[in-house]
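Asks: Fold the following and give me the result.
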Amino acid sequence: MIFRQYFDRAVTSLLAIVFLAFALLSFGYAQYFDRLFIIFLLVLILFNISKANIVSIAIIFLLERFFEEVVFFFSTYLYIKPLIYLLSLWLIKSFWYDSLIRRVILPTIVICITCEVYWYLTNYSAPRIHSYIAMLMLNIITRHLIFLRVPLFKQLQALTLIRNIVSQPITQTPVDLPLYSIAMINILVVVAMIAEYLIRHLTPLESLFVYNLYSEFIHLLSAVTLFFIVNFIVKSNYKINA
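Replies: Predicted structure coming up:
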């Protein structure tokens, strides 16, 4: 049993470092890194199924990646655009406690809805900014889940089946704040992308700065997220008790 425990820790740490190396080597190939990140999260759960902190963090980012794929798959359907805007307004109301919602998200959504109405009335071929609105909402949800990770997962651990599998108590960790902050930076990058779309389609300017660098920005932030998770795992696995 003790050997298995140390073996799992060693393998987890090694795989975490290997995945981080691949994340850096795959820079510029975001589509490959996205798949790699999902595999990393699944492996993380597999080797740490009893550790509530690691499992809960991995599940949050797995959910984000899953719904991101769902959004892009269905984003071309006609009914999706109004649905995304309606859901965004509901989420704004639900997460009103977050100052980022009041200062950044709400103004962005209101401006985008106004532009969508204007484009519809003028028969303009509107850009698909609703896909980025959906990304905005996913990052808000991720930020919310990280902020309330401990109380939310405690509720899940109250279920007998989950408590028997994920037995280690859940606690606040040093990685929570960095991950929470990265979600905020992700939001600001997406807002910048939306703003540039609006500039291109409402003015004569043809700004493509954010557009050209967007995938690299998101890849970099995902790599930083991976770094913080890896750093947390390695420190947790090799922490020496006083």
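Asks: What values do phi and psi take at Leu208?
Replies: phi -130, psi 20 (degrees, to the nearest 10).
Asks: Please name the residues that touch it.
Replies: Counting by Cβ atoms under 8 Å, 6 or more residues apart in numbering, Leu208 makes contact with 196, 200. Every C-beta, even on glycine, is put in place using the N, C-alpha and C of the backbone.
Asks: Figure out how far stretch 174-189 is from the centre of its chain.
Replies: Here stretch 174-189 shows a centroid-to-chain-centroid distance of 9 Å under the convention Cα atoms, centre = their mean, to the nearest Å.
Asks: hmm, who's touching it?
Replies: Residues outside stretch 174-189 that contact it (Cβ under 8 Å, 6+ apart): 57, 100, 104-105, 136, 139-140, 142-143, 146-147, 149, 210, 214, 217-218, 221, 224-225, 228-229, 231-232.
Asks: which stretches of this structure have low pLDDT?
Replies: Flagging of the chain using pLDDT under 70 yields the residue ranges 1-32, 237-242.
Asks: What ranges does it have for its helices?
Replies: Shown for the chain, the helices assigned by DSSP state H span residues 2-25, 30-47, 52-74, 80-94, 99-100, 106-121, 130-147, 149-157, 160-165, 176-202, 209-237.
Asks: elements contacting the longest one?
Replies: Here helix 209-237 touches helix 2-25, helix 30-47, helix 52-74, helix 176-202, going by 3 or more Cβ pairs under 8 Å, 6 or more residues apart in numbering; DSSP states H and E.
Asks: So which of the ones you listed is nearest Cys112?
Replies: Distances from Cys112 to each of the helices and strands packed on helix 209-237 were compared using Cβ to Cβ; the shortest belongs to helix 176-202, at 6.6 Å.
Asks: Give me the angle between the closest one and helix 130-147.
Replies: In this structure, helix 176-202 runs at an angle of 170 degrees to helix 130-147, with axes from the mean of the first three to the mean of the last three Cα atoms, to 10 degrees as the basis.
Asks: Adjust the sequence numbering to begin at 53 for everything that follows.
Replies: Done: numbering now begins at 53, and the last item shifts to helix 228-254.
Asks: what's the spacing between helix 228-254 and its chain's center?
Replies: 12 Å.
Asks: And for stretch 182-193?
Replies: Taking mean C-alpha positions (Cα atoms, centre = their mean), stretch 182-193 and its chain are 10 Å apart.
Asks: who touches it?
Replies: Residues lying outside stretch 182-193 but in contact with it, judged by Cβ under 8 Å, 6+ apart, are 116, 119-120, 123-124, 127, 132-133, 136-137, 139-140, 143, 147, 150, 152-153, 157, 160-161, 164, 168, 235, 238-239, 242-243, 245-246, 249.
Asks: In a markdown table, list the helices and strands packed on helix 261-289 along with distance to Val218.
Replies: Compiled in a markdown table, the helices and strands packed on helix 261-289 are given as follows (distance: least, Cβ to Cβ, whole Å):
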| stretch | distance to Val218 |
| --- | --- |
| helix 54-77 | 15 |
| helix 82-99 | 10 |
| helix 104-126 | 5 |
| helix 228-254 | 17 |
